[in-house]
Structures are given as structure tokens and as C-alpha cells.
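> Got a sequence here, can you build the structure:
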Amino acid sequence: MLFSDFAASKLAVRLPSPIEPFTPSWQGADQVSLFIKRDDLIHPIISGNKWRKLKYALDTMPNDTKHIVSFGGGYSNHLHACGYLCHKLGLQFTAIVRGDYSHSLTPMLKDLHHWNTNVEYVNKLTYKRRNDTDYLTALRTRFAAAYIIPEGGSQRAALKGMAELVEEESSTHFNHFLVPVASGATLAGLAIAITPQQSATGIAVLKGQGYLESLVKTFVGLPTAENNWYINHDYQCGGYAKTNTALQNLCDEMTNEYHVPVEPVYSGKVFLALKTLLARGHFARNSRILVIHTGGLQGLRQV
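Residues are numbered from 1 along each chain as shown. You can find the predicted model right below:
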């Protein structure tokens, strides 16, 4: 049995996630067919793209791995998922966190401490070295036999997990996909898996025009593949984890009126973009659009 299969069974992961029709009373919504891929329902904690990214990373770990090390901010959904996963599977976990939250723990960090995570706070200069060969070698020396997972779980093994999303439940029936973008692997996995006749739009959740595109291109690896994807930077609402009244109202509307809980860090910005783009007639009439709900609902606890 693959380790990922063992983990999925142990954690009671729910796959495939359901695809639900979405019929909001928004201007322009009646001109297209909307659906939501409810990856937020994969698991109460390791939901959305976090499980899909981690799944094949688990299978690339050496058999003697007892310790996982990864990186993120004080509200990181990725670190939260890794911490819970390691806690349930009996693995040691070290979270290298950007910034010192030792005197003001976030809800996510409180969870990590509850799950016996080794939390190390580093300054921004050190954190910028998270992909440097020398820095990673030093970490492997400090943490013998540790398996290091990049920030956000974004590594080549993650692309296979994201591609499976397209293969589930006849996703080929859709001609457009909408997904949040932060570290690039989710959009890259979609771009690789969809057909040339389909397209994927990434909604940037942080300030990073050019930078985010470079991340996706690095993962995709084929210049011609960018013909079926692009990133819209108009809805990051001031930057990562930043919000405004329109975004907060949209999150409330999705949760209370349409019974689809979303948070303002990732999925909320995707639905804000969708509502605005529909009103502008951005999508061709009769388009079939699949919005990817990437989970991360623990983000509701930070705003």
C-alpha cells in the first residue's frame, strides 16, 4: 500500500470531492453554467488543495522518514495541514515560520503547538533563503533524515495531485476553470491536465504580478502551455490576507445565502472575481465554468 493511501484511510479523506451546480442571482450568471468543485469537503482540516498537494509528496518520502520540515507564515493553511497530518500519522513536524509570533499566537499556531509541532520563528531575511541549496543542506544536517516540503506544498509531486482534480467526475465537460493563486502549483497542475480547448484563470490572492506567472511557468515547464492559462491580478484586495468591505460582504453572502462557506484569503477572492467578471460579460455565453474551492477555511479565524 502506498503511504498516501494509508494516510487517506487513516484520516478518512473524502475523494472524489463533489461538483455542485451554483445558481446565484448575480448579473450575468444566467448567461453561463456555473459549478463548484467542493474540495473544501475533502477533509475538515486537510481540505482543498492541501491534501492534493501533500498526497504524492508523501509517496516520495524515503521509507525511513520520521520527521517533516516545511515553511509558511503565521496563518499558513499548508503548515496547519502538515501539522495535523504529522500529528495523526506519528511523524515529527518542524514548522519554520516567517516572523515572531511567540507572544501573540495565531489560531493556527495554537493548533500546531497542541499537535506537538516544533515551531521555529525566523526573520524575513532568513525566510527568504527557504529555497537556497546551502540553507536546505544546513536544515538536513540539523534534522537528520528529515523530509523537507517547500512552502505551500508546492513541488513537482503536487502537480499530479492537482491534475487528478481534472480527471474526477467528467471535468472535461467544462471549458473554463477558476482557481486562487498564491504559490503557483494549483494553477500549474490544472494547466498541465486540461485540454488545449479548455482554459484556466488564476485569481491572484497577493501582490505579485510577474512573480506569480514565473512560479507557474517553472512548474509547467512548457512555454506553449501558457496559452490555456493566465492570472488576473485585479482582486487581491491590497495583498495577502488583506480584505475590504466588498470582499467581506461577498464572503457573508456566499456563506449565508448560498451555503458555501468561504474565507477572505483565498476562495473569497475567487468568488468576488467571478461575480464581477460575470457582470462585465467576461465569459462567452453558454460557457461551462468550474470554480475550484480550495478549502483553507481555517483562514476565517484570522480576520
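> How much space separates Ser183 from His233?
With the distance defined as CB to CB, to the nearest Å, Ser183 ends up 15 Å from His233. All C-beta atoms are positioned from the backbone trio N, CA, C, and that covers glycine.
> Show me which of those two is the more surrounded one.
Neighbours were counted for Ser183 and for His233 using other CB atoms under 10 Å; Ser183 has more, 23 against 17.
> And the pLDDT for the closest residue to the more buried one other than its chain neighbours?
Counting by CB to CB, 6 or more residues apart in numbering, the nearest residue to Ser183 once its immediate chain neighbours are dropped is Gly152, at 3.4 Å. According to the prediction, Gly152 has pLDDT 88.
> repeat for Gly221
78.
> Use 39 as the first number from now on
Okay, using 39 as the starting number, the last item reads as Gly259.
> now it: how far from Glu202?
Separation of Gly259 from Glu202 (CB to CB) stands at 19 Å.
> The two: who's more crowded?
Using other CB under 10 Å as the criterion, Gly259 and Glu202 rank with Glu202 on top: 17 against 11.
> what's the closest non-adjacent residue to that one?
That would be Arg90: by CB to CB, 6+ apart, it lies 6.8 Å from Glu202.
> Which helix or strand contains the one you found?
Using DSSP states H and E, Arg90 sits in helix 87-98.
> the domain parsing of the protein - what is it?
Under the assignment automatic domain parsing, the domains of the chain span 41-83+193-340, 88-191.
> Using neighbour counts, pick out the buried residues of the helix holding Arg90.
Neighbour-count burial for helix 87-98 flags Asn87, Lys88, Trp89, Arg90, Lys91, Leu92, Lys93, Tyr94, Ala95, Leu96 (criterion: 16 or more other CB atoms under 10 Å).
> Give me the average confidence score over the helix or strand following it.
Moving toward the C-terminus from helix 87-98, the first helix or strand encountered (DSSP H and E) is strand 105-110. Averaging pLDDT along strand 105-110 gives 96.
> Packing partners of strand 105-110?
Contact partners of strand 105-110 among helices and strands, from 3 or more CB pairs under 8 Å, 6 or more residues apart in numbering; DSSP states H and E: helix 115-127, strand 130-136, strand 184-186.
> So which residues make contact with that strand?
If you take CB atoms under 8 Å, 6 or more residues apart in numbering as the criterion, strand 105-110 is touched by 99, 116-117, 120, 124, 129-136, 165, 168, 177, 181-191.
> Recalculate using a threshold of 7 Å.
Residues external to strand 105-110 that are found in contact with it (CB atoms under 7 Å, 6 or more residues apart in numbering): 116-117, 120, 124, 129-135, 168, 177, 181, 183-187, 189.
> so which of the helices and strands packed on strand 105-110 is the most packed in?
Of these, the one with the most neighbours on average (mean count of other CB atoms under 10 Å) is helix 115-127, at a mean of 24.
> Can you give me the neighbour number for the closest residue in space to Gln235 that isn't next to it in sequence?
Residue nearest to Gln235 in three dimensions, not counting chain neighbours: Asn213, with 6.8 Å by CB to CB, 6+ apart. The tally of other residues near Asn213 (other CB under 10 Å) stands at 19.
> The one 5 residues further on too?
Residues lying near Pro218 (other CB under 10 Å) number 28.
> That one pairs with what?
Note on Pro218: beta-bridge partners by DSSP bridges are Ile241.
> can you pull the contacts of it?
By CB under 7 Å, 6+ apart, the neighbours of Pro218 are Ile241, Val243, Tyr304, Ser305, Lys307, Val308, Thr332.
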